[in-house]
Every structure is written in C-alpha cells, then in structure tokens.
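**Q** A predicted structure for the sequence below; I have some questions about it.
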Amino acid sequence: MKKGNEDFIKKGDPYILLTSMGLVFTLTMVFVLLGIILVNGLGIFWPSDLYEVKLSDNRVLIGEKWATDLKKSQGEADITRSQLKIGNRDIYGFDFAWFQDKEVESIVANPELVLIERYEYGNFYGYIESLHTESNIYDKSSENFVDKILVTLSMVDDLKEEFVDKRKEHTDLLSPLNEIRRGSSLLKMNEEYLSSDEKELLSEYEQQEKDFLESNNHDIVIIENEISDLDKRINEFFITVRTGDGIEKEIHLKDIVRFHQPNIMNVFSKTIHYLAKVWEFVYDGPRESNTEGGVFPAIFGTVMMVILMSILVVPFGVLTALYLNEYAKQGPIIRMIRLSVNNLAGVPSIVYGIFGLGFFVYMIGGSIDSLFFADKLPEPTLGTGGILWASVTLALLTLPVVVVATEEGILAVPKANKEGALALGATKWQMIKDIVLPNAMPGILTGLILAISRGAGEVAPLMITGVVKLAPAMPFDMEFPFLHLDRKFMHLGFHIYDVGFQSPNVEAAMPMVYSTALLLIVIVVLLNIFSIYLRNQLKKKYKTSSF
Amino acid sequence: MNSPDSSKYHKKIKRSNDIAKIIITVGGYGVIASIVLILMFLLYESLPLIISPSVDEKDLGIADSKANDIIATGLDRYTEVGYFLKAKGQIVFFYLADNSTAYKDSISLEESESIISFEKGTLGKDIFAVGTNKGRIITAEAKMSPEYHRNSRTIKCSFKTNEIYTVENLEENTGEEISSLDFTENEDGFNYWGWVNQKGELKLRIYDSDEEEYYSHNITSMLGDVNISSIKFSSSGELLMVGTDKGDMFWFDLSDPEDVLLKDNWRFSNSKITKLEFLIGDNSLLIGQQDGSLTHWFPVRKKDGDFKFTRINDFEKQNSKITSIQASPRNRSFFTINEDGEIYLGYSTTKSIQLKLDHTENKIISATYSPKADGLIVIDTRSEMIYYSIDNDHPETNLNTLFGKVWYEGYENPAFVWQTTGGSDEFESKFSLIPLIFGTLKGTFYAMIFSIPLALLTAIYVSQFAPKKWARIIKPTIEIMAALPSVVIGFLAGLYFSPLFEKHLITAFALLILIPIVFLMSIYVWKLIPENRRLRFPQGAHLVFIIPFLAASFITAISFAPYFEDLLFNGNLNQWLYNTLAINYDQRNSFVVGFALGFAVIPIIFTISEDALSNVPKSLTSASLALGASQWQAVMKIVLPAAAGGIFAAIMLGLGRAIGETMIVLMATGNTPIMDLSPFNGFRAMSAAIAVEIPEAPVDGTLYRVLFLTALMLFIFTFVINSFAAWIGDKLRKKYARF
C-alpha cells in the first residue's frame, strides 16, 4: 500500500490536480471580474420598482431597493437592514436611507409612485399632485393626467430651446460691443500711465460704445424683453409633488429631465425606457458633477486623443521598424537598440506621464507660449496640459507596441519575395513599397489596434498631461480653427477614477462608474479581439507563403 | 532602350529611393534619440537635487569711509536696494547696481550716545531694535517696498522710528548700557525686548499691542550666579534661550507675559556660548561657541512625556569663535561667521555645511541674508561691501535625506518620512524616498506571491494537460485580461473588493484553510478510482473532477464562516484582530492590492510562460514518455527545465508591470506612506506618489525634482529588469534551440 502511495505521487496525479485547480482559480477570477461589471453596468438603466415603506416610528420612505445587509453585534440579535435610494436630495440632504427590517410596518409598490429625474438635486421619488400651466390647473384625478404632463413637458422643452436661441441672438447682437469694451477696459486698467495716443484711443472706444448702444438700442430692448417674457412663461409651468411623509413641493417643468411610473410599466415600456437611458448615457453630457447623465464628452475626448495619437505613432513606428530591419546594419548596436525599444514597452506609463509633463508641457509648451502666445501670458496656451500633449505622450508610450508589431509583420515577409524584387531591378524603396509594406500591413494594423486599445485604457499619464473631470468645451467644434489642440479634454478611464474616487457623492455615482467601466472594457476588448484575429491571419499567411 | 523617358523614370525612382532612405533613417534615428531623450531629461530634472550650491561674488565697493562705525546691513526682497546703519544713527539706503545713495535718514541720538547693540525682529523683515550706551532701546523699521508701474518696478525706501524706550537706572540715575539685546515681534502683535546691562542683569519687556499693556521683568535671579553671554527669543517670543560664558544654557517659557517660567537648564561644554539662533519654525536652535563649535538642538519628547532640548548634530568645528549666526527666512539654511572672517553656509536637516566662503583676512562687521535667502551682503573692516548671490535651490535634499534616516523637528527619533505638504510656511517638507520604495516593493511582493503560483499552474495545465480545443479558448481569454484597463481593476478593487473583504474577512481566511484540506480530499478520492480507469479518462478529466470540490469548499466557507466568527472571534474578526493582536485593519490594504495587481500580472506571466512551455519541442516529451515516464514526470523533468528561461522572463516582466502599475495602487491603497509589513495596512507606492503629487508640485521646485527622481528610478528599475529578462530568455532559448 505504501509503495502504491509513493507511486501515485511520483506519477504526479496530485500535481496535475493542483495545476487544474490553478486554472479554475484564474478563470473564476476573470469571469467574476467581468461578471461584476456586466451585471452592475448593464442593470442600472432598467427601471426598478418603487416602494413605499412605512416604518414603526411613522417615517415613510419612498424609493428603489438598493441593498440589504446583516449587521452583527456582540450579545445582541442579528439585525437585517435594507437600504433604499430615496433621492429628494433637496429635501432630505442625502440620497440613501437605511432601515431595519423589523421596523417595517408595510411595504407597498403603489402604482402611482413616480420617479422624476431632475437637472438638479438628483431624482425625486413620490407622488404628483397637480399640474399648473399658464392657463390651467389640472388635478391628478383629471383625465389623462400623465399624458397632459408629458405634453406640457415637451412644450416647455420647446420654449427652453427658443429661450436658448434668443439668448444666443442677444449675445451675437452685443458681440461688437464686447470687443470695444475689452479694448477700453485694458486701457482703463492703466489709466494713470496712458500716453496721449492711448488716451485718444480710449475716448474713441467710449464714443464707439455710446454710438453702438444708441443705434442698436431698439433691437436690444426688444430682444431683452422677449427673453424676460420667455423666462417668465417657462416659469409658469410646474407640478406640485408630495413625498411619502407628506411634504409638498413645486417642481418647475424646466427642471425635469424625464419622469416615469415604474410600477405600472410593462416589459415593453421598460425596454423603451432602458434604451432611452442607454442612449442618454452614450450621447449626452454629464450632469450633477458627473454622477448622472451621459459620458459623451468623455467618449469624444477619448476618440479624439486616440486619433491624434495614431496619426503620430504609426508613421514613426513604421519608419523605425523599417529602419531597424531594412536599412540599419545588423550588429550588436542594432540588437541593443531593438532591445531598448522592446524594453520601453515595460517602462511604467506614469514615467511617460511625468516626462510628458516636464518635457512637452512645461519645456516645449512653455517655450512655444513665450514665442507665439506671449500676449496671453501669464495665462498659458500650450504651456499647460491639453489634448496635444496628452496625445504626444501616449504616442511615445505606444511607440514600442507599433514597432514590435510592425517588425513582426516585416519579418513575416519571405526573404525570397524581397530578393526576387531586387533581382528584377527594383530599387530598395520600390521593394519596400511594393513587397514589404503591403505584406506587413496586418502587422502594422495589429500594432495600431494594440496601441489604440492601450491608449484608450491608459489613465495615469493622461491625468497629468491634460485630462480634466469636466471640460468646458470639446477639443473639436464648429468654431475656428475647429481643432483646438490646446484644450483640455475628458477621458473615459479618467472619468471612472474621478467619479468613483473624487466625487462628493460616491454611492449615488457608483452606477455611473460601472457603466463607464463596462463601456471602456467593451471598447478595449473588441479592439483586442480584432488584433488577435489579425495576428492569426498574419500567422496563417506566414505559414502558407514560405517557400 | 535608353530613351529619355526611361532615364527620366530611372532618375525619378532613384530620387524617391534616396528620399525614402533619408526619411526612414531620420525617422529611425529620431525614435532612438527619443529613448535617450527620456533618460536624459529625467536625469536633467533630478540631478540638481544633489548638486552642491554655488556662489557668485559681486564687489559693491566701499560702503563708508569709517567702516568700524557700521552696525548692521539689510537688503530688499529683489536685491536691488540695500542699507547700512551706523553707530551714530545714520541709515543709508543704496542701490546695489552702482552703489549710489537712494535715501538717507537717521535715528536721532544724543551727543555722546551711540548704538552698541542691534537685533532684527522677524525673519525676513527689517524691523529692528537698537540699544545705546545711554540706556535707550529704539525700535525702528526700514521699509523697501516695490512700486509697480506699467512695465517697471522701483523700490521706495523709507525709515521710521516706532518707539523709543529709556531704561532708567534709579540708583545711579544714569542710563544702562544695553550691551546684549534681542527683540522680536510676533504675529499676534506682541513685542518682546530682552537685554543685558553692564551689571550683568537680564531684563525683559513685553508689549501686548491688543491690550496696550507693558510687562517688565528682571529675571537675573532665576539664573543664579552666571555671566550671560548671549540671549535669543524665538520669533514667536514664547521661548527665551540664554547662554553663559561657562557654557550653561537656560530655557525660559514666556507664553504667559505676566509669569516667566524657567523650563530647563543644562550645560554641555565649558566653552563660552557666543551666539544663539532659532531657525524658521521656532524649533531648531543653533548654538555657536567660543571654541568654534556649532551645534543643532531641538526639543524632543522624552520617555516621561516632557520635552527637552536635545543635541541633534554637531556641525564641522570651525577654527575660531563664532560671532554671528543668521537663519534663512525661507528654509532651514543658515550661515555663520567666525572671527577669522569665514562664512559657513549650512542646512540643519541635512546636517551639513554646504559651502565655505573664505571672505577676506579681515574681520566681518556685518552680514545679512536677503529676504529670499538667495544672497547675502557682507561688510568687512575695510568697509568693503560684497554681495554673494547663492544658487542653492534644493538645500534640503542630499543623498542622505533622500535615502537615509533623518531626525526631523518634532520627531522622537531619526526616521524615514515622506511628507511633502503641510499647513504653514514653516512646515518642512520631508522627502525620504524609502517609504515609497518600500510601498512599491510591498505591493509588488503581495502581487507576486499571489500571481506567480496561479499563473504558472494555469500555464502548465493549459500547455500540457488541457485538451487543445480548450486551450484555444482559454488562452485568448486570459490574454485579453492583460489589456483590461488598470483603472477598471483599480476601481473594482477600491470600491467593490475592499469593502467585500472587510466584511467577509473570515470567509477569506476560511477559504485559505479549507482549500488545502479539500484539495487533499480530492486527491484521496481521485486515488480511489482504479488506475486503469483513470488512464482511460479523456484529457481534461482532472479539471472537471476538481471543480465540484472547489465549489463545495466555496459554499462551505461562505455558509459556515459566520458561525466560526461568532464562535472564535466574538462575531467580528476585524475587531478581534485589533483587540487581541493589535493589528489594525485598513479597508484598502496590501491584501486587496496584491489581489488586484494579480489581475494585471497573471495574464502577463501566463501568456509568456505558456508560450515558453508549449514551444518545448514535442520530440523531447515524446522521448521521455517512451522511456516510461509518466506525463507529469515528463513535464517536471523535461518541459519545465527546457522552458525555464521563458518562465523566468515571464516572471520578470510581470514584476516590471507590478512595480510600475499606477492606477491600481492609487485606487486600492490608502496611499499612506507608512512602513509596515502587515498585509492589512496600506502603503504609498512610487508611481502613485508621482500621479498624485506632480500636478500640485511647483515647476522646478524640490518636490517636482524629487518626483522626477522617483520616475527615473522606476525607469531604470523596469528597464534593467526587462533587459535582464530578455537576456536570460535569449540565453536559455539558445541553449535548447539545438533540440
């Protein structure tokens, strides 16, 4: 028997079991991680039921079920607690409430319960009592009450749009005046030291201002009146609402994003709501310091940055790979250089980040500022983080990836083809252009995709070279010169870090973080799968075309 | 053949060939240059930290025909204007550029009266008190304030006498000679004057400007029978230090202006104490002596809870009596002057004399720091004025403060401390890189002990025992993990796993114990299956077999762990750890970081070592199997040694990634720079420190450069590790290439 044991161990079955256990663990980790993000990221937009909870101390809470936990304390009975998302931050001051299950007197999913998404103070949970329009007051018992609110809501949205248009008209009308005022205020700051020429200029400015106001007075008054009328009109639409504990409140329709009554929604209308929320998530800007709304600016910023980075990294990466393989004399020095390029891939990204900050932003950007944008100093133009420097930094970071992948592609080109081309009288460049590059294309593409996926997921170097939590303007818009390389931008990865760790209301922001993480993972994983596919194609080609 | 068309074509392709060659070569060189550039730039930014200061000398000419009359000097903050004060009360402001007079004024003195003592009140300001031989103490202020015009700046000089106080000697009806004087004006509006008269009496006068009240004390009797040789207020006025000609020190507490308290006295050498000076922050005291020794002291809490001034450091002994010490208003630098006319520039924290200026053979009459401490002006007995501009941007760092233990003010012992920002101007930044290096290594260590076994076991199974079909799916799945943005892993670790672990710590522990037990059980059960049956199992049977056991252990741990916790640890393991073992459990700790970093590292180690394992030629394994080895024996004896190089390289690459990973450690640790091996504490890693602190760091300041140094270390660290991995991998690959 003892011999049998020894034999059993020697033959190694226990060890094989051990290795299989390793695999189980690793795979479990992978799937648990992805599962957590999938479940949390996908689930949040689904409208969940609302409950009205009456507690024994006469508190009434209305909200979505959020979490439960078991609290243990020594010598006492266990306490099961539940958490509701109760919203109404303007009334209660916090979004969540805990209660002990034993305190509960009743839990009802009242069909009339409504969730109102607002532009400020987060969600409102409660009942709608009445609708006030310019001319009428509708009680909740009136016919088609909910539809009436919906119609009025879209009307108010139209009014709001009109309001914005008028405001823009107003600004446009006054824009020449702003020019004049900027000029005169600069002079006024130094009024004591003005030369006579400058004094003349100042009085000229003042005269212009006066003239402008006189000649346009009529238009200005009209438009200002229209604006204030509109503002007044918009403010006349509101609903009165009631919370669970009976507090009544007016909510202006202009402050409402949308509302729904989840308890009477069927699967179909829930699906529509879900899709609308997903659309809002990818296509709208953030609200409430990034904890609600969408991530469109972050997606846009990420894409812009990645495009700029690719424009920079691909040519240089390909040139380097060509140089190393086709032009440089192979020897110990080239081996060292190749090794260094490979090793750069292992240098921590934060090192590139600090290099980018010190070298690109402060040194090069600072010099450009003092040469070309001296009139704006001390306000920096390129001497501060921005999308240009972030892209350049990431291009440097992803360069080794492109070089290595391109080299792989170039090496896969059969020597016979290349020599054949040269033998037929092609110059080296013709040979590279017509034989090497087309054949190495999958390699180059692989490199590009890997670089993009790395660039999209990288955060540390970006957060010190130009990413911000909330960018006031996109890096690309309809304003001349369209592409604003000096602007700061938003980024999906940084969005996760910022909302998850630096937001004032982390708990309420968590769903947002999960869905952003899911979006980022989907992008990165798809890119990677694509590059693996390309690499496999390359391998196949390599195998079949060997002479 | 050679038609003009063809030759044109040939020329064209030749030209494009040449252009291509140039562009590609330039591009290639450009990239190579950029690698060098990164290294060079990091070096360029971090080297100034350890460069010793340098000095530029500028001769300003003769100050005054009678040099011995000069009592004191001063400079404005832009070092455009200076002044000197003469014994007869004249004060002369002059331009440094051409030594022309800017403004003149004077303190009105009596006929035979002259100034015999002088002291500035506040570091970096020109409020001072002078004492005369007729018993008058005059407090005055020299103002050199800049006025801005559109493109220029002029310094406006003015002088005003704030207060004149006459010390009456009632017995002899004459004034006292104010021989040794000190004065300070603190931020709360208190003024403190202290002086020693010709009879050796020490007198104090305190003025509270809020209450408009004066307090006077004669504290000679508290000192006993001694000859006072030097006195010094701290700049807040709360401390008064007194030194005697026998080397005694007295420490008075003046925080209550009505009641002067003797806190402590001690003697540490027999040499006369010639000069006392507090450094910025009122903690550090420098004591200069007759025999040229200079010592650094600050209060340290002793075991009984009392503070005692403790001798921290002896600076290099000078050849002659130290006549003056002046503290910098900016940092903890100072300079001393000795009787031989030598000026020593020192820094208290680095314990070093950084520079020696052998001024002249003449004695120095007066010297003073500029308000920004970037220069000093010196007047010697020949009345020669010299301005030294000091280039010393980072006096607080040298190799010892960056990598060694430093005894900082307020600490009980020398320690490694990383603390870069504080509340006040007087705060001293502490730049020991050791806590950061420790943090990085700690995180790496926990990540590696978690991920190496898992990754290698997985790689061995996938490459050797798994059915090929499975391997084709499993491999890319784990590979894609390597591309998961670390910010996602970090966020999950910080916001999902760390609260989860905190809540279910007991389950994690239970699993640690349960899994080996269940594993042994599974082996036993496996053995129960007859061998001939086992051999006929398809590939992958091991995996299918082990899953139920693991699932069972998970379910058991999750469902029974709370009962264990109730039974053994009073229902709360974290509390129990704290109470019984004094282990503090931080929610974001090294345990969580190790786990999270594992997500980032496992795919790397797995991918590369799996490649290495599956690239071992089949012929080798087949041969050993043919000779009767079991599958495992072939793996152990043949495949693993053959793939050792690749596996080693894989581990090194994983190590490199763990060292440099930023977002995960940033989000999943508390980022506290403590040095503690406990897995339940957080740490601050080098990479996270860079990410958090560089946006706040003033460009080219000390913190900025220290962070560049940190980055340089990370760069070199990872570069060396990766090169080493490549080298080993290459070598071992060659070794087995012959098969």
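**A** Sure thing, it's come through.
**Q** can you list the domains in the chain?
**A** If you meant another chain, say so; for now it's chain A. Residue ranges for the domains of chain A, per automatic domain parsing: A:2-44, A:50-133, A:303-491.
**Q** wait, chain B was what I had in mind.
**A** If you go by automatic domain parsing, chain B breaks into B:4-50, B:54-419, B:433-735.
**Q** if you compare the domains of chain A, which one is most tucked away?
**A** Across the domains of chain A, averaging neighbours per residue (mean count of other CB atoms under 10 Å in any protein chain shown) puts domain A:303-491 on top, at a mean of 20. All C-beta spots, glycine's among them, are computed from the backbone N, C-alpha and C.
**Q** end-to-end on that one?
**A** Taking CA to CA, to the nearest Å as the measure, domain A:303-491 stretches 9 Å from start to finish.
**Q** in the stretch 401-550 of chain B, where is pLDDT below threshold?
**A** Low-confidence segments of the stretch 401-550 of chain B (pLDDT under 70): none present.
**Q** secondary structure element for the closest residue to chain A within it, which one?
**A** Nearest residue of the stretch 401-550 of chain B to chain A: residue B:457, at 2.5 Å (CB to the nearest CB). Using DSSP states H and E, residue B:457 maps to helix B:434-460.
**Q** ok, stretch B:647-657 near chain A or not?
**A** Yes - interface with chain A: stretch B:647-657 contributes B:653, B:656-657 (CB under 8 Å from any CB of the partner chain).
**Q** export those as TSV, with columns for distance to residue A:447 and pLDDT.
**A** Listed next are the residues of stretch B:647-657 next to chain A as TSV, based on distance: CB to CB, whole Å; pLDDT from 0 to 100:
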residue	distance to residue A:447	pLDDT
B:653	19	88
B:656	21	89
B:657	20	89
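**Q** need the contact list for the residue positioned nearest the centre of chain A.
**A** The centroid of chain A falls nearest to residue A:298 when counting by CA atoms, centre = their mean (2.7 Å). With contact set as CB atoms under 8 Å, 6 or more residues apart in numbering or on different chains, residue A:298 has these partners: A:286, A:490-492, A:494-495, A:516.
**Q** next structured bit after the helix or strand containing it?
**A** Per DSSP H and E: residue A:298 is located in helix A:296-322. Downstream of helix A:296-322, the next assigned helix or strand under DSSP H and E is helix A:332-344.
**Q** residue B:130: neighbour count?
**A** Residue B:130: 26 surrounding residues under other CB atoms under 10 Å in any protein chain shown.
**Q** can you give the strand pairings for the helix or strand hosting it, parallel or anti for each?
**A** Element membership of residue B:130, judged by DSSP H and E, is strand B:127-132. Here strand B:127-132 has these sheet partners by DSSP bridges: strand B:115-120 (antiparallel), strand B:136-148 (antiparallel).
**Q** read off the pLDDT value for residue 307.
**A** Looking at chain A here, since you left the chain open. According to the prediction, residue A:307 has pLDDT 90.
**Q** that's the wrong chain, I meant chain B
**A** pLDDT, read off for residue B:307, is 89.
**Q** count of neighbours near it?
**A** Look at residue B:307: counted by other CB under 10 Å, it has 14 neighbours.
**Q** residues from the stretch 351-500 of chain A in reach of chain B?
**A** So far as CB under 8 Å from any CB goes, the stretch 351-500 of chain A lies against chain B at A:351-355, A:357-359, A:362, A:396, A:399, A:403, A:427-430, A:432-433, A:450, A:453-454, A:456-460, A:463-464, A:493-494, A:496-497, A:500.
**Q** list the ones among those residues that fall in helices.
**A** With DSSP state H as the criterion, helices contain A:351-355, A:396, A:399, A:403, A:428-430, A:450, A:453-454, A:456-457, A:460, A:463, A:493-494, A:496-497, A:500 from among these.
**Q** among the contacts of residue A:298, show me the least confident.
**A** Ranked by pLDDT, the contacts of residue A:298 bottom out at residue A:286 (84).
**Q** surely it touches residue A:293?
**A** Yes - counting by CB atoms under 8 Å, residue A:286 touches residue A:293, with 4.6 Å between them.
**Q** which parts of the one helix or strand residue B:297 maps to are buried?
**A** Assessed by DSSP H and E, residue B:297 sits inside strand B:294-301. Across strand B:294-301, burial judged by 16 or more other CB atoms under 10 Å in any protein chain shown covers B:294-300.
**Q** tell me the helix or strand right after that strand.
**A** strand B:307-314.
**Q** and that following strand, what does it pack onto?
**A** Secondary-structure packing of strand B:307-314 (3 or more CB pairs under 8 Å, 6 or more residues apart in numbering or on different chains; DSSP states H and E): strand B:261-267, strand B:294-301.
**Q** again, only this time at 6 Å
**A** Packing partners of strand B:307-314 (3 or more CB pairs under 6 Å, 6 or more residues apart in numbering or on different chains; DSSP states H and E): strand B:294-301.
**Q** kindly export the strand it packs on (C-alpha atoms) in PDB.
**A** C-alpha atoms of strand B:294-301 as PDB (Å, rounded to 0.1, in the frame of the first residue of the first chain):
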ATOM      1  CA  LEU B 294      28.300  74.800  16.300                       C
ATOM      2  CA  THR B 295      25.500  72.500  17.500                       C
ATOM      3  CA  HIS B 296      22.000  72.000  16.400                       C
ATOM      4  CA  TRP B 297      19.300  71.400  19.000                       C
ATOM      5  CA  PHE B 298      15.500  71.000  19.200                       C
ATOM      6  CA  PRO B 299      13.000  69.800  21.800                       C
ATOM      7  CA  VAL B 300      12.300  66.100  21.800                       C
ATOM      8  CA  ARG B 301       9.700  64.300  23.800                       C
END
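**Q** circling back: would you show me how to pick out the buried ones of the residues of stretch B:647-657 next to chain A in PyMOL?
**A** Restricted to buried positions by 16+ other CB under 10 Å, the PyMOL selection for these reads:
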select buried, chain B and resi 653+656+657
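**Q** look up phi and psi at the residue nearest to residue B:348 when sequence neighbours are not counted.
**A** Nearest non-adjacent residue to residue B:348, counting by CB to CB, 6 or more residues apart in numbering or on different chains: residue B:332, 4.4 Å away. Backbone torsions of residue B:332, given as degrees, to the nearest 10, read phi -90, psi 30.
**Q** so residue B:332 sits right up against residue B:279, yeah?
**A** Yes - using CB atoms under 6 Å, residue B:332 is in contact with residue B:279, at 5.1 Å.
**Q** any common contacting residues for those two?
**A** Between them, residue B:332 and residue B:279 share these contacting residues under CB atoms under 6 Å, 6 or more residues apart in numbering or on different chains: residue B:348.
**Q** settle it for me: which of the two has more neighbours?
**A** The residue with more neighbours, out of residue B:332 and residue B:279, is residue B:279; 27 against 22, by other CB under 10 Å.
**Q** what about the more buried one, distance to residue B:230?
**A** For residue B:279, the distance to residue B:230 equals 16 Å [CB to CB, to the nearest Å].
**Q** for residue B:224, same thing?
**A** Separation of residue B:224 from residue B:230 (CB to CB): 17 Å.
**Q** who has more neighbours out of these two?
**A** residue B:230 (23 against 10).
**Q** so that one lies in a strand, does it not?
**A** Yes - Residue B:230: assigned to a strand according to DSSP: H, G, I helix; E, B strand; the rest coil.
**Q** so it is in contact with residue B:277, correct?
**A** No - assessed by CB under 6 Å, residue B:230 is found out of contact with residue B:277, at 9.4 Å.
**Q** ok so, going back, for the strand holding residue B:297, which strands pair with it and how are they oriented?
**A** strand B:285-289 (antiparallel), strand B:307-314 (antiparallel).
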